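Colleague: My questions are about this predicted structure, shown below with the sequence.
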Amino acid sequence: MTRVHDMGGRFGDGRVTPEGEDAPVFAEDWHGRALAVTLAAGFLGQWNIDVSRHAREKLSPKDYARFSYYEKWISGLADLLVEKGVLTAEDLSGQGANDPHPLASRVLKAESVSAALAKGGPADRPSNEPVLFEVGQSVRTLHPAANRLVNGGHTRLPIYAAGAEGWILRLHGTHVLPDSNAHGLGEAPEPLYAVVFAASELWADPEHPQDEVVLDLWQSYLEPL
Amino acid sequence: MPHDDHDHPHALLPPEPALRVKALETILTRKGLIDPAALDEIIDTYQNKIGPQNGARVVVRAWTDPEFKQTLLQDATRVVAGLGYYGRQGEHMVVVENTPKQHNMVVCTLCSCYPWPLLGIPPSWYKSDAYRARAVREPRKVLAEFGVSLPVETSVRVWDSTAEIRYLVLPMRPEGTEGMSEDDLAALVTRDSMIGTGLPRVPS
């Protein structure tokens, strides 16, 4: 049911180590390269952001835990390139052909980078799903937290917020549903809300009685109270 | 569905991370799927052009223009796009205001979502397991590790970025900054103050 990336609330990770405001954006040259290769490959148009997130989450728990941030990116990308048929296992082993690739016409050129990054990829879409909840209304999240379309699939309801009571703070509009979009099942847009939870609803030993956590949750993650 | 295939193809690449990246870049370049000059351009964009200085401009404008602040809090996406700040990982923006009663702090427990057009690429700690795991459960202990201690009458609201909405914290304007120029004010606005793990610098 769970995957190792879903770590909100976990114990045992130790201190957070702040770094100076002037620390380099990329601590190592290969960090920037990993980011750039991943973004550039994404512009080939063979997957969406939910598919690429799920590719990182599907790394084995041992790999996920031991890989650094950009190792997850580059390894998730390699897996995705093979899964989507862009590359073969032989290619990754260095045994593949160097013939021009059918997708080469889609390559992101240097002169297009600025416009491509500035264009972004908005996630809001028109939807006919009726808006079921109004601001201030009490709701409860599904329990267990799990993709209801694909067993073990991608979802954005964290375990720590499953089965919790909260209230609607804000309607963000209607957005692509990751649980569907990560698995080639369509964008399935539906209402997306900011939902407020008292810390005492989520944690056995909250730090302060007035503290809160807000999550952005899709309508199908929520039930009326 | 293609889940949990233990035969993960990434293991075919060299294990050392820098070599792994280089190998994949080389394979993709040879097949014409990647233009190395485009990679240089992407790196240059996030290293030199897009960063917390963008968010600081938005904060200073909100500090000095009450009407701007009102519209920013209501419709941040449109308002910051009007200043030229829009793009990948900043398509849907919400700005949340710190007050004496409430302090805001942003995290992404499931990955590392972050408002790139306003703050650039997230710092290492933001992407760390420790921050992702603990920010939602014990934000005050995490804040203490950043040297921030809040009064007991201030509540903490932690925003877990679980969708494509990206959050920017509008910190409180420090006292003693009346009459300062926009450039001098911008120098007080730290990256961490816009994530909510820090407070703006106090003028010396």
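Modeller: Arrived safely.

Colleague: Report the residue spans of chain A with pLDDT below the cut-off.
Modeller: Within chain A, the segments meeting pLDDT under 70 span A:1.

Colleague: can you pull out the strands in it?
Modeller: Here chain A has its strands, by DSSP state E, at A:138-141, A:165-175, A:190-198, A:212-218, A:222-224.

Colleague: Nearest to A:Gln46, out of these?
Modeller: Ranking the strands of chain A by proximity to A:Gln46 (CB to CB) places strand A:165-175 first, at 22.0 Å. Bear in mind the C-beta positions are built from the backbone N, C-alpha and C, glycine included.

Colleague: possible to save the strands of chain A as a markdown table with distance to chain B?
Modeller: A markdown table is the format used below for the strands of chain A (distance: least, CB to the nearest CB, whole Å):
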| stretch | distance to chain B |
| --- | --- |
| strand A:138-141 | 11 |
| strand A:165-175 | 6 |
| strand A:190-198 | 6 |
| strand A:212-218 | 4 |
| strand A:222-224 | 13 |
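
Colleague: Deepest-packed of those strands, please.
Modeller: strand A:212-218 (a mean of 27; mean count of other CB atoms under 10 Å in any protein chain shown).

Colleague: what helices or strands is it leaning on?
Modeller: Here strand A:212-218 touches strand A:165-175, strand A:190-198, helix A:199-202, strand B:155-160, going by 3 or more CB pairs under 8 Å, 6 or more residues apart in numbering or on different chains; DSSP states H and E.

Colleague: got the CA coordinates for it in CSV?
Modeller: Backbone C-alpha positions of strand A:212-218 (Å, rounded to 0.1, in the frame of the first residue of the first chain) are rendered in CSV as follows:
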residue,chain,number,x,y,z
GLU,A,212,-2.2,23.3,11.5
VAL,A,213,-1.2,21.5,8.3
VAL,A,214,-2.7,22.3,4.9
LEU,A,215,-2.8,19.8,2.1
ASP,A,216,-4.0,20.2,-1.5
LEU,A,217,-6.4,17.4,-2.1
TRP,A,218,-8.6,16.3,-4.9
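
Colleague: quick one: strands adjacent to that strand?
Modeller: Strand A:212-218 has the following strand partners under DSSP bridges: strand A:190-198 (antiparallel), strand B:155-160 (parallel).

Colleague: now the helices and strands packed on strand A:212-218 in CSV, with distance to A:Val51?
Modeller: Output for the helices and strands packed on strand A:212-218, formatted as CSV (distance: least, CB to CB, whole Å):
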stretch, distance to A:Val51
strand A:165-175, 16
strand A:190-198, 19
helix A:199-202, 29
strand B:155-160, 22
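
Colleague: Which one of the strands of chain A lies nearest to B:Val80?
Modeller: Taking those one by one with CB to CB, strand A:165-175 is closest: 15.9 Å.

Colleague: Which elements pack onto the closest one?
Modeller: For strand A:165-175, the elements it packs on are strand A:138-141, strand A:190-198, strand A:212-218, strand B:92-97, judged by 3+ CB pairs under 8 Å, 6+ apart.

Colleague: domains of chain B?
Modeller: B:20-48, B:51-195 (automatic domain parsing).

Colleague: and the ones you listed as JSON lines, adding mean neighbour count and mean pLDDT?
Modeller: Below are the domains of chain B laid out as JSON lines (neighbours: other CB atoms under 10 Å in any protein chain shown; pLDDT from 0 to 100):
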{"stretch": "domain B:20-48", "mean neighbour count": "20", "mean pLDDT": "97"}
{"stretch": "domain B:51-195", "mean neighbour count": "20", "mean pLDDT": "98"}
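
Colleague: of these, which approaches A:Leu132 most closely?
Modeller: Across those, A:Leu132 has its closest neighbour in domain B:51-195 (17.1 Å, CB to CB).

Colleague: show me what contacts A:Gly45?
Modeller: A:Arg106 (CB atoms under 8 Å, 6 or more residues apart in numbering or on different chains).

Colleague: what ranges do the strands span in chain B?
Modeller: Remark: strands assigned in chain B by DSSP E are B:92-97, B:102-107, B:155-160, B:165-170.

Colleague: quick one, helices of chain A?
Modeller: With helices called from DSSP state H, chain A shows them at A:29-42, A:49-57, A:61-66, A:69-83, A:89-92, A:113-119, A:178-181, A:199-202.

Colleague: Nearest to B:Arg61, out of those helices?
Modeller: That would be, of the helices of chain A and by CB to CB, helix A:113-119, which comes in at 20.4 Å.
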